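**Student:** Here's a sequence, model it:
(chains A and B)
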Amino acid sequence: MLAFNFFGATEGGLFDINATLPLMAIQVVALTYILNSLFFKPVGNVVEKREKFVSSNIIEAKNKLSEVKKLEADLLTQLQTARTEAQTIVSEAENESDKLYKEALELANNEANASKEKARLEIESQTSAARDQLSKQADDLSELIVNRLILEK
Amino acid sequence: MFFNSFSTNFAALEVGQHLYWQIGNIRLHGQVFLTSWILLGALLIFISLGTKKMENDPKGLQNLLEFLWDYIRDLARTQIGEKVYRDWMPFIGTLFLFVFVSNWGGALIPWRLIKLPSGELGAPTADINTTIALALLVSLSYFYAGLSNKGWRYFEYYVHPTPIMLPFKILEDFTKPLSLSFRLFGNILADELVVGVLVFLVPLVLPIPVMFLGLFTSAIQALIFATLAAYYIGEAVEEHH
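**Tutor:** So this is what the prediction gives:
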């Protein structure tokens, strides 16, 4: 039962220590338990759950990032090897075509030279044949002239 | 007590007068309990509103409560250490919230408008009983923390660097609650008195900066009280090598 008791200054004072002290201590201890179940535990659960969620997500993201980086490096090396391969293939093809061109050119040159030589030889032979014939005809003609001259005499 | 004669009317302020409740042959300071119940009721309502619907994406009050929780956790963790701060976080947090709510409630709410038959309403922490109760709880806590964590090895702390420290460490066990309780009591009471006197002398404008200063010191005192309590507990559970 509460009973209000009005006392004047005779019993008061700034440093009046009485049963308020232990009761206040009990009240604070009770408050600790109440706040623990009402505030610290539920909020702590939510916050720590979220922290766990965030940190696990960060770890996962980091793993993924490192995987991506590895894949990227892999792809880069693959790309480089492909590029060098392509380059060698291109240069090989170029060499080959060059060679083929040169061969074809040589062949054509040789053929042309040969046909030129043949033509020259033919011309020469025909020239000499014509000259022979001409000289023979000249001989014949001269003989004829000579015979005629002789016969007329 | 010797100090009990220190009860006067100071510029129409009532200093050292109390609203007495008598239960059997126990006497209580009624105004302390009245204000503490109102303030703690408000605190509990506020907290239950904030934690009613907890979501993973915090909104509104939950945000504020989570910030508060994080603040208290950081305080406890830095002072007590990673290993046992979890056990003591509710206690440290309760001390902080109780002192903070009491100080600010005492400073912000115009209690003086409510007339009591004797004494006047004010911050519960402006009563020596409250602060001594808190300080003794802190003392009990750090003894309990030390003994439960380290057993009898807790008393190594008293002779830790050298046995010469023994009398000083024993003295510390008395000065710790004394300084804790009187620091809080003195600061809050002085703030109330300064504001009260200024309001009495110059009722306009002039008390406002002092009131803001009072709010500042009130918050700082709550932080100091909680930090020191955590530090004492941390000191008791710390392992010496």
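**Student:** At which residues are the helices of chain B located?
**Tutor:** Assigned by DSSP state H, the helices in chain B fall at B:30-50, B:61-80, B:85-108, B:128-150, B:166-201, B:207-237.
**Student:** Same check on chain A?
**Tutor:** Remark: helices assigned in chain A by DSSP H are A:20-35, A:41-152.
**Student:** for the shortest one, packing partners?
**Tutor:** Of the remaining helices and strands, those touching helix A:20-35 by 3 or more CB pairs under 8 Å, 6 or more residues apart in numbering or on different chains; DSSP states H and E are strand B:26-29, helix B:30-50, helix B:85-108, helix B:128-150. For the C-beta atoms, the positions are set from N, CA and C on the backbone; glycine is no exception.
**Student:** now that helix, how far from the chain's geometric center?
**Tutor:** In this view, helix A:20-35 has its centroid 71 Å away from the chain centroid, taken as CA atoms, centre = their mean, to the nearest Å.
**Student:** Report the central residue of the chain.
**Tutor:** Reading this off chain A. Central residue of chain A (CA atoms, centre = their mean): A:L79, 4.1 Å from the mean position.
**Student:** my question was about chain B
**Tutor:** The residue lying closest to the centre of chain B (CA atoms, centre = their mean) is B:V99, at 3.4 Å.
**Student:** So, low pLDDT: which residues of chain B?
**Tutor:** Flagging of chain B using pLDDT under 70 yields the residue ranges B:1-14, B:241.
**Student:** if we can go back for a sec, what's the most buried one of the helices and strands packed on helix A:20-35?
**Tutor:** Most buried of the helices and strands packed on helix A:20-35 by mean neighbour count (mean count of other CB atoms under 10 Å in any protein chain shown) is helix B:85-108; its value is a mean of 23.
**Student:** Can you tell me which helices and strands that helix packs against?
**Tutor:** When contacts are defined as 3+ CB pairs under 8 Å, 6+ apart, helix B:85-108 packs onto helix A:20-35, helix B:30-50, helix B:61-80, helix B:128-150, helix B:166-201, helix B:207-237.
**Student:** what's next to the second one, contact-wise?
**Tutor:** Pointing back at helix B:30-50 there. A:4, A:20, A:23-24, A:27, A:31, A:34-35, A:38-39, B:18-21, B:60-62, B:64-65, B:97-98, B:101-102, B:105-106, B:111, B:116, B:119-124, B:127, B:129-130 (CB atoms under 8 Å, 6 or more residues apart in numbering or on different chains).
**Student:** Narrow those to just the buried residues.
**Tutor:** A:20, A:23-24, A:27, A:31, A:34-35, A:38-39, B:18-21, B:62, B:65, B:97-98, B:101-102, B:105-106, B:111, B:116, B:119-124, B:127, B:129-130 (16 or more other CB atoms under 10 Å in any protein chain shown).
**Student:** Tell me where the model's unsure across chain A.
**Tutor:** Looking at chain A by pLDDT under 70, you get A:1-12.
**Student:** in terms of contact, does the residue nearest to the centre of chain B touch B:A226 like I think?
**Tutor:** Yes. Between B:V99 and B:A226 there is a contact under CB atoms under 8 Å: 7.0 Å.
**Student:** Pretty sure B:I132 sits against A:F15.
**Tutor:** No. Counting by CB under 8 Å, A:F15 is not a contact partner of B:I132; they are 9.7 Å apart.
**Student:** got the CA positions of stretch B:144-153 in CSV?
**Tutor:** Output in CSV follows, covering the C-alpha atoms of stretch B:144-153 (Å, rounded to 0.1, in the frame of the first residue of the first chain):
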residue,chain,number,x,y,z
TYR,B,144,30.8,-10.9,-11.2
ALA,B,145,32.3,-10.6,-14.7
GLY,B,146,35.8,-11.1,-13.3
LEU,B,147,35.0,-14.0,-11.0
SER,B,148,32.8,-15.8,-13.5
ASN,B,149,35.3,-15.5,-16.3
LYS,B,150,38.6,-16.1,-14.5
GLY,B,151,37.5,-17.7,-11.1
TRP,B,152,39.9,-16.9,-8.3
ARG,B,153,42.5,-15.8,-10.8
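**Student:** Is that stretch positioned near chain A?
**Tutor:** No. Contact of stretch B:144-153 with chain A (CB under 8 Å from any CB of the partner chain) is absent, the minimum separation being 12.1 Å.
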